[in-house]
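Q: structural data only, the sequence is not supplied:
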């Protein structure tokens, strides 16, 4: 038989264990959320742009050639007249039609290739260094942010390990099925208020509380359903009453109209024809 002081000390120790376990669960929940947000906030490094080679040159050549034969056809025609007319006479072109056609087809392609070569060289010499500089700066900033997140992640993992150690260590004295903050708060309060002196008694009280909550929730649901049904019945009753009033009003109006017609007929002078014998 424990003395009152021993019972008080045992009760206080049990309350502290329950509160510590509850705090560990809460800390694990918060740390797990932070871990997820840190993982999502981690940013991958950007790839540095590469040098444009023959494939880019060919792509630009094809693009410019298509434009030369379609959208830029007026410009191409003006180029023929301005550049080729002084070099090749009209008589020669009429005398050598296949050669003239070949010149007219090859010249835009050569111009497109020269323009594509210019674009490729300018991009590699002027634009590419600027792009690489921007990517390097962005990657430096991202690496600094990722390092900070990695340090925070290390701290979070350590705190999670401590919380998990506390939680898993409670399996020897606290049932896993009731390992939640609500149950731990209730059990700690029950032990502190002298309603329970051990975990089984506190758990039984918690089960009774859950049943009471479920009963109250069901009563509240039924009360709401009854209220809604009452409102619907009241609305239906009012609708029926309104319909009856409207039908009565229409009937009275019809009767009054018929009576008025009869009175009008009665008020009119009547002509009586008598037959002589």
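A: Structure's in. What do you need? The shown structure was predicted, so the numbers you read here are calculated from the model rather than taken from an experiment.

Q: what segments of the stretch 51-200 of the chain are helices?
A: 54-69, 73-79, 90-95, 97-122, 128-169, 181-192, 199-267 (DSSP state H, counting those that start in this stretch).

Q: would you mind finding the most buried of those helices?
A: Stretch with highest mean neighbour count among these: helix 181-192 (a mean of 19; mean count of other Cβ atoms under 10 Å). For the C-beta atoms, the positions are set from N, CA and C on the backbone; glycine is no exception.

Q: which strands and helices sit next to that helix?
A: Counting contacts by 3 or more Cβ pairs under 8 Å, 6 or more residues apart in numbering; DSSP states H and E, helix 181-192 packs against helix 4-41, helix 199-267.

Q: and stretch 49-64, average pLDDT?
A: Mean per-residue pLDDT for stretch 49-64: 89.

Q: swap that for stretch 163-183, sorry
A: 89.

Q: and stretch 259-273, by the same measure?
A: For stretch 259-273, the per-residue pLDDT averages 65.

Q: next one: stretch 223-236
A: 82.

Q: same question for stretch 118-131.
A: On average, stretch 118-131 scores 92.

Q: what do you get for stretch 239-254?
A: When pLDDT is averaged over stretch 239-254, the result is 78.

Q: any idea how far that stretch is from the middle of the chain?
A: 54 Å (Cα atoms, centre = their mean, to the nearest Å).

Q: next: stretch 8-21.
A: 43 Å.

Q: most centrally placed residue in this protein?
A: Centroid check for the chain by Cα atoms, centre = their mean gives residue 40 as the closest residue, at 15.3 Å.

Q: and that residue, how far from residue 158?
A: 21 Å (Cβ to Cβ, to the nearest Å).

Q: what do you get for residue 114?
A: Shown here: residue 114 relative to residue 158, a distance of 64 Å by Cβ to Cβ.

Q: could you do residue 149 as well?
A: 15 Å.

Q: likewise residue 69?
A: Where residue 158 is concerned, residue 69 sits at a distance of 68 Å (Cβ to Cβ).

Q: do the same with residue 179
A: From residue 179 to residue 158 the distance is 22 Å (Cβ to Cβ).

Q: with residue 233 instead?
A: The spacing between residue 233 and residue 158, counted by Cβ to Cβ, is 63 Å.

Q: just the terminal-to-terminal distance for stretch 182-200.
A: One end of stretch 182-200 to the other measures 16 Å (Cα to Cα, to the nearest Å).

Q: now that stretch, how far from the chain's geometric center?
A: Taking mean C-alpha positions (Cα atoms, centre = their mean), stretch 182-200 and its chain are 41 Å apart.

Q: contacts for that stretch next, please.
A: 7, 10-11, 14-15, 18-19, 21-22, 25, 173-175, 178, 201-203, 205-206, 209 (Cβ atoms under 8 Å, 6 or more residues apart in numbering).

Q: repeat that with 10 Å
A: Identification of contacts with stretch 182-200 by Cβ atoms under 10 Å, 6 or more residues apart in numbering yields 2, 7-8, 10-26, 170, 173-175, 177-178, 180, 201-207, 209-210.

Q: and what of stretch 10-23?
A: Counting by Cβ under 10 Å, 6+ apart, 2, 163, 166-167, 169-170, 173-174, 179-194, 196-199, 202 sit against stretch 10-23.

Q: next one: residue 185 from residue 25, what distance?
A: Using Cβ to Cβ, which is the criterion applied here, residue 185 is 10 Å from residue 25.

Q: and if you look at residue 177?
A: From residue 177 over to residue 25 (counting by Cβ to Cβ), the distance is 14 Å.

Q: go on, residue 11?
A: Applying Cβ to Cβ to residue 11 and residue 25 gives a distance of 21 Å.

Q: which residues touch residue 120?
A: Here residue 120 is in contact with 51, 52, 53, 54, 56, 57, 58, 59, 60, 61 (Cβ under 10 Å, 6+ apart).

Q: can you check residue 43 too?
A: 138, 139, 141, 142, 143, 145, 146, 149.

Q: likewise for residue 150?
A: 38, 42.

Q: quick one: closest of the helices of the stretch 51-200 of the chain to residue 30.
A: helix 128-169 (9.3 Å; Cβ to Cβ).
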